[in-house]
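Colleague: one predicted model, sequence on top.
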Amino acid sequence: MSIRQYIQVKSIALPDPATYCPGFGYDLPVDPNILQPDPTWYPTGDPVADEIILTCSDGGDRRIAFYTTMDTGGSSLVQVYGVGGILIDSQTKATNATYSFRFPDGGGVAGIGQTSFIVRITSATSGKHITGFRTTTFPVSNPIANWQILYAKFNTPNITSLTNAFAGIDALQGIQFFSSLNYLTLADKICYNCTALKSIEFPDLPACTTFSSAFYGCSFLTSCKFGTLPAVTTMASVFYQCIALPSQAFPSDMPNVTDMSAMMSNCTVLKIITLPLTMAKLNTVSNMFNFCVSIPYIKMTASLPLLQQAQSTFYACKGLIAIDFCTSCPALMNAMNMCYGCQVLKSFTFPATQSYLTNLSYTFGWCYSLATLTLPINAPEVTTIYQMCANCYVLTSCTLPVALTKVTTIYQAFEYCYELTTVRYPAIMDACLTAYATHFYNNNLVNITLPTSMNACTTIAQFCQASSSSSLKIIVMPASMNALTLATAAFSGNTGITSITLPNALPVITDITSFCNSLLLSYISACTFPATQVAASSFIYDRLIASFNFPTLRCSSLSIYGAPVLGNLVTSINIDWANSLWGANANPLSLQYLNLSATEINRIFTALPTVTGKTVNVQYCTGAATCTPSIATAKGWTVVK
């Protein structure tokens, strides 16, 4: 930008080379955001009633286009003034008729170096008022937006709409209002993507209903002051991506606002926010502060009786330490992603009762510093807590609401919660379908109280896998799990488990491989298995159980390993050998380092069915050296001993 684009040169003579370096073409590089237009060459003074004054530059594409809305039967007078107050153009325009003007390429409006002008818009009809103003694109085959308006002054007390008034004018640096705006109802996108706008102040707006996207993308905006906003219903995206805005205050009472979604989204330097004390009709705050990475503290309005949507409200607020959440929001339905990625958030407390809340997926995912979490006491409509607290590294305990009767998934809900010691589930979760990897890598689990009924659950695969706490000793699964199909590695990697109580029956289980490898396991309860093939490779790794006794278990694979150094107490294995088909694996049966006598090994060989090309491994078992392999080889088995 050059200085002569914004401040008029008073003589057509070239500048003095001693003052302006010729190397810059007699221009000095300056910051256009601190420049003021020279007021001495055009008619001065503030606008009179029913007048708009636009200060413009004819640099860039040298075009301007806009239209003015008038009272019925009214028309507007548009006058353009160049240097010295010379009237360049004057037209009378009917209401909503576009006024457009294009300056000569390279000539300016009044000679060499004269590149600024003003536009005065007044009522051309006595008694008729300006009720609306909006810029538009120049009417050519390749329309170009208005880049020329630098400042705007309004003295329009009867104006009702400023929707899209200056949308896309990236040279606009300021707007001033010289009258009340008691009739203004629409202000959405008033300064949409006005990337040079730095500040603006509004009077009271008693009739205004919408401010949606008003300052969307105003990347230089540092200050916006409001009067009262009693009628506003939406502030959605009003400051979206205002990346220079350090603080923002709203009127104390906004009784009719319903929508604040994405209101401060991507305000990356925002540090202070003052919200209204009353917002009785607020319905949604989804994405309200997402990616506000600099704000450390947010105090929400205490009572939000109609709030339903809080999806991603504080998403990725990486500097947010504390949220003073509302103490009452009984209508809240959706909290998905609400605090996702709040990496330094220390604690969070929900209101006690959330009767309509349905979604807690990712709500606190990747909150690395979350140490204290208080969930609602009662939330009967919740359907999912998928990854609710995944990667909450320092969270130590969690008590789930007493009623979660509609939850369908607790998939990875507490995955990688390294410090989690205690989890309490409600008694009944009969709608839950999957508990996959729910407590994966919970290294410090001491106590986990599972529901007493989860009869719709189909998978607990990796449920507590690699939760290697030596303090987690007792597992009691629900007595009846009528739909469970996968239990792969459910408790694998837990070194301290001594007792597992299985369901009474697993009527549809297909895979229970690597179920538990605790070397301290001394008790595993009886269980009736289905009359179908079950993958049970590495079902348990143990040394304290004397008998593996599941007479209804029909296997497609089975591995039971002892400890090579410490030995193993397993002396007998009893499954439904005759009806086990041993799947497609060439090596489906491995029984190593067990305390099986030769008599017991021979009994197993005798019970095996006839197969083709299968291997049974009894290496390092007590009786392996003296057993009789021919019993098995006669049935098609290869014996490794």
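Modeller: Done, it's in. Numbering: from 1, shown residues only.
Colleague: next, the nearest residue to residue 513 once chain neighbours are set aside: phi, psi?
Modeller: Sequence neighbours aside, residue 537 is the residue nearest to residue 513 in space, at 4.4 Å (criterion: CB to CB, 6 or more residues apart in numbering). The way it works is simple: take the backbone N, C-alpha and C, and place the C-beta from them, glycine included. In terms of degrees, to the nearest 10, the main-chain angles of residue 537 are phi -60, psi 130.
Colleague: so what's the residue count around residue 537?
Modeller: Neighbour count of residue 537, defined by other CB atoms under 10 Å: 22.
Colleague: what about the strands in the stretch 351-500 of the chain?
Modeller: 372-374, 397-399, 422-424, 447-449, 474-476, 499-501 (DSSP state E, counting those that start in this stretch).
Colleague: which stretch in those has the least confidence?
Modeller: Looking at the strands of the stretch 351-500 of the chain, the lowest mean pLDDT belongs to strand 447-449 (a mean of 88).
Colleague: follow-up on the earlier one: per-residue pLDDT of the residue nearest to residue 513, please?
Modeller: In this prediction residue 537 is given a pLDDT of 88.
Colleague: check contacts around it.
Modeller: Neighbour list for residue 537: 513-514, 557-559, 588, 590 [criterion: CB atoms under 8 Å, 6 or more residues apart in numbering].
Colleague: please redo it, this time with the cut-off set to 10 Å
Modeller: Residue 537 is in contact with 488, 511-515, 555-560, 583, 585, 587-590, counting by CB atoms under 10 Å, 6 or more residues apart in numbering.
Colleague: what do you get for residue 528?
Modeller: 502-507, 550-553.
Colleague: please check these and keep the buried ones.
Modeller: Neighbour counting with 16 or more other CB atoms under 10 Å marks 502-507, 550, 552-553 as buried within the contacts of residue 528.
Colleague: can you add secondary structure and distance to residue 300 and give these back as a markdown table?
Modeller: Output for the buried ones among the contacts of residue 528, formatted as a markdown table (DSSP: H, G, I helix; E, B strand; the rest coil; distance: CB to CB, whole Å):
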| residue | secondary structure | distance to residue 300 |
| --- | --- | --- |
| 502 | coil | 46 |
| 503 | coil | 44 |
| 504 | coil | 47 |
| 505 | strand | 49 |
| 506 | coil | 47 |
| 507 | coil | 48 |
| 550 | coil | 54 |
| 552 | coil | 56 |
| 553 | coil | 55 |
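Colleague: possible to save those residues as JSON lines with pLDDT and distance to residue 446?
Modeller: Shown next, in JSON lines, are the buried ones among the contacts of residue 528 (pLDDT from 0 to 100; distance: CB to CB, whole Å):
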{"residue": "502", "pLDDT": "94", "distance to residue 446": "21"}
{"residue": "503", "pLDDT": "94", "distance to residue 446": "23"}
{"residue": "504", "pLDDT": "92", "distance to residue 446": "26"}
{"residue": "505", "pLDDT": "94", "distance to residue 446": "29"}
{"residue": "506", "pLDDT": "94", "distance to residue 446": "27"}
{"residue": "507", "pLDDT": "94", "distance to residue 446": "32"}
{"residue": "550", "pLDDT": "94", "distance to residue 446": "29"}
{"residue": "552", "pLDDT": "95", "distance to residue 446": "34"}
{"residue": "553", "pLDDT": "94", "distance to residue 446": "31"}
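Colleague: and which of those residues is nearest residue 327?
Modeller: The shortest approach to residue 327 among these belongs to residue 503, at 41.4 Å (CB to CB).
Colleague: which one is the closest one nearest to, not counting chain neighbours?
Modeller: Residue 503 sits nearest to residue 481 (CB to CB, 6+ apart), 4.2 Å away.
Colleague: right, and the one you found touches residue 501 too?
Modeller: No - using CB atoms under 10 Å, residue 481 is not in contact with residue 501; the gap is 11.7 Å.
Colleague: the more surrounded of these two?
Modeller: residue 481 (25 against 16).
Colleague: per-residue confidence for the more buried one?
Modeller: Note on residue 481: pLDDT of 91.
Colleague: and it, what does it touch?
Modeller: With the criterion set at CB under 10 Å, 6+ apart, residue 481 makes contact with 453-458, 460, 487, 502-509, 527.
Colleague: whatever helix or strand residue 52 lives in - contacts with which helices or strands?
Modeller: Residue 52 belongs to strand 51-57 when assigned by DSSP states H and E. Here strand 51-57 touches strand 63-70, strand 75-81, strand 116-123, strand 130-135, strand 149-155, going by 3 or more CB pairs under 10 Å, 6 or more residues apart in numbering; DSSP states H and E.
Colleague: could I get those as CSV with mean pLDDT, mean neighbour count and distance to residue 631?
Modeller: Converted to CSV, these look like this (pLDDT from 0 to 100; neighbours: other CB atoms under 10 Å; distance: least, CB to CB, whole Å):
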stretch, mean pLDDT, mean neighbour count, distance to residue 631
strand 63-70, 92, 22, 97
strand 75-81, 94, 20, 106
strand 116-123, 89, 22, 104
strand 130-135, 97, 22, 94
strand 149-155, 93, 21, 97
